[in-house]
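In: missing the sequence, but the structure's below:
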């Protein structure tokens, strides 16, 4: 592979690597933040059952 | 295509649909659906903006244009990147601070509810037609690669649209954001596979460039040509349309409105611009390679759109079994991410700007979610209908022209009333804005009447005429009518503290570094435009000058957005 193709390919691979690492970390943080939203604590769920 | 290729593509489509269903659990409020709960971080934002910006239309269409006309088509993308940085620095933060979901919503805050309903409805319809065009391109490319008959067109339409509708109708902006990131990876991997193979086939990039210089097609390498279809004038027009696109395009802004804060929105837009710039080479250079590999024209009219599908379907199976299927996943990912992003935008526009404004009582969150999902489904049906209309022999030759016709009518007037006067001149009132929008659109329409439907000529003139008419009509009508009270809107736009951010992102930076960054970005833009005009005058150094200006815009933008 010539140096020009290699340089462009390496830049592309660098973007690819950043894109694998960074969004996974960021999505994990967001999911952690909204998890209570998805699974409400047991006492809240029980209170809802009692109301029903 | 081999059975293995089909298995890979079908497996990928099914995985995306299942992921959409899983993501639907995240949706609790309409803000979750429209703008992902305004929780998006810079890199996710950049991924989703980049994925929204790169579709099969770009990879197949622009790669094909490079094959036919040369490398200067690259500016269609690069001017958009420059505009994205400047919009991220000077326009988006003001709009994001208002906590709006769409540009029409801004029009209500700034002008009137009637203008919001009118523009929202018009914009939703315009996006449906564009979606039909995207589906048409996806289905015709699939036919070219798989070698299936023309009769399978409708089946391909259904395959692409069902997956897109499924997960954008159910998952909303969360699905679009998460899946855009995944699709971005698949798309980039596909391009990283095709690029070295194409370069290897022509004996390496330096040899290909040398061969071009020695051939009668040496002008294919001119970055800013003096003449031709994609000359310096085309690049200037693209720059103008780039500003319009990066400041008022719903699919771009909606991603940016999902940002945690105005500064995060600006960071996302600038990172997206910087990332997209080298990526364009991954499909423009293979397009140029096809010129060397396939010197004969494709068909009697040398259909440029066939160039990239030809490269994929003839060369990839020779390298490895299943490779074509994997690269097709990248193309499908590129297409589906744009289609889903736009479906989400149409649903947002209709629900937020038309349904909500027409209801006398504020609807509940549950009602809004039901309406927005129904809208996504209706939008899907409409895009299939438009794709069928475009495919019919009566419209077949004019698919791209139809899109440019619609873009040329009301886009520039909307840019004038929303950005230039909406943000820049407080005296503008709703009467002036309405007159500017409709007057500008009608003035653009008159161009088509005057040239007796010569689309090629009218589409160059119409956006400029429409923009100038809106620029003149809006202030005249505003000054003739009563001023409106918009103090609250301007106070919110220039707030001193931003939610979700410690340091507020002001239009004029407070630190020396911030000021330097903003000046470098603006100076870079001036250098870029000098390069474009130098290209028009035939200077040999015009291309490097313009590229240097573009890089200065990126550096200045980064410095500005990471300082106070």
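Out: Good, I have the coordinates. All values reported here derive from a predicted model rather than from experimental measurement. Numbering: from 1, shown residues only, chains lettered A, B, ... in the order given.
In: which ones are touching residue B:288?
Out: Residue B:288 makes contact with B:66, B:67, B:70, B:71, B:208, B:212, B:220 under the criterion C-beta atoms under 8 Å, 6 or more residues apart in numbering or on different chains. C-beta coordinates here come from the backbone N, C-alpha and C atoms, glycine included.
In: and which of those residues is nearest residue B:126?
Out: Residue B:126 lies nearest to residue B:66 out of the contacts of residue B:288, by C-beta to C-beta, at 27.9 Å.
In: the closest one against residue B:284, yeah?
Out: Yes - here residue B:66 reaches residue B:284: they are 4.7 Å apart, a contact under C-beta atoms under 8 Å.
In: can you list residues touching both of those two?
Out: B:73, B:74.
In: who has more neighbours, these two?
Out: Neighbours were counted for residue B:66 and for residue B:284 using other C-beta atoms under 10 Å in any protein chain shown; residue B:66 has more, 28 against 23.
In: against residue A:1, how distant is the more buried one?
Out: 21 Å (C-beta to C-beta, to the nearest Å).
In: ok so, going back, so can I have TSV of the contacts of residue B:288 showing distance to chain A and secondary structure?
Out: Shown next, in TSV, are the contacts of residue B:288 (distance: C-beta to the nearest C-beta, whole Å; DSSP: H, G, I helix; E, B strand; the rest coil):
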residue	distance to chain A	secondary structure
B:66	15	helix
B:67	18	helix
B:70	18	coil
B:71	14	helix
B:208	9	helix
B:212	13	helix
B:220	17	helix
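In: could the residues you listed go into JSON lines alongside pLDDT and distance to residue B:234?
Out: Formatted as JSON lines, these follow (pLDDT from 0 to 100; distance: C-beta to C-beta, whole Å):
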{"residue": "B:66", "pLDDT": "89", "distance to residue B:234": "14"}
{"residue": "B:67", "pLDDT": "89", "distance to residue B:234": "17"}
{"residue": "B:70", "pLDDT": "88", "distance to residue B:234": "12"}
{"residue": "B:71", "pLDDT": "91", "distance to residue B:234": "13"}
{"residue": "B:208", "pLDDT": "92", "distance to residue B:234": "24"}
{"residue": "B:212", "pLDDT": "89", "distance to residue B:234": "21"}
{"residue": "B:220", "pLDDT": "87", "distance to residue B:234": "15"}
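In: how about low-confidence regions in chain A?
Out: A:23-24, A:26-52 (pLDDT under 70).
In: tell me how far residue B:110 lies from chain A.
Out: 31 Å (C-beta to the nearest C-beta, to the nearest Å).
In: which SS class is the closest residue to that residue other than its chain neighbours?
Out: Among residues not flanking residue B:110 along the chain, residue B:422 sits closest, at 5.1 Å (C-beta to C-beta, 6 or more residues apart in numbering or on different chains). Secondary structure assignment for residue B:422 (DSSP: H, G, I helix; E, B strand; the rest coil): helix.
In: right, is the helix or strand hosting residue B:386 up against chain A?
Out: Assigning secondary structure by DSSP states H and E places residue B:386 in helix B:365-391. No - remark: helix B:365-391 sits outside contact range of chain A, by C-beta under 8 Å from any C-beta of the partner chain, the gap being at least 13.6 Å.
In: so which elements touch that helix?
Out: Packing partners of helix B:365-391 (3 or more C-beta pairs under 8 Å, 6 or more residues apart in numbering or on different chains; DSSP states H and E): helix B:30-35, helix B:113-146, helix B:153-201, helix B:323-348.
In: that helix vs helix B:113-146, what angle?
Out: 50 degrees (axes from the mean of the first three to the mean of the last three C-alpha atoms, to 10 degrees).
In: buried set for helix B:365-391?
Out: For helix B:365-391, burial by neighbour count (16 or more other C-beta atoms under 10 Å in any protein chain shown) applies to B:367-369, B:371-373, B:375-376, B:378-380, B:382-384, B:386-388, B:390-391.
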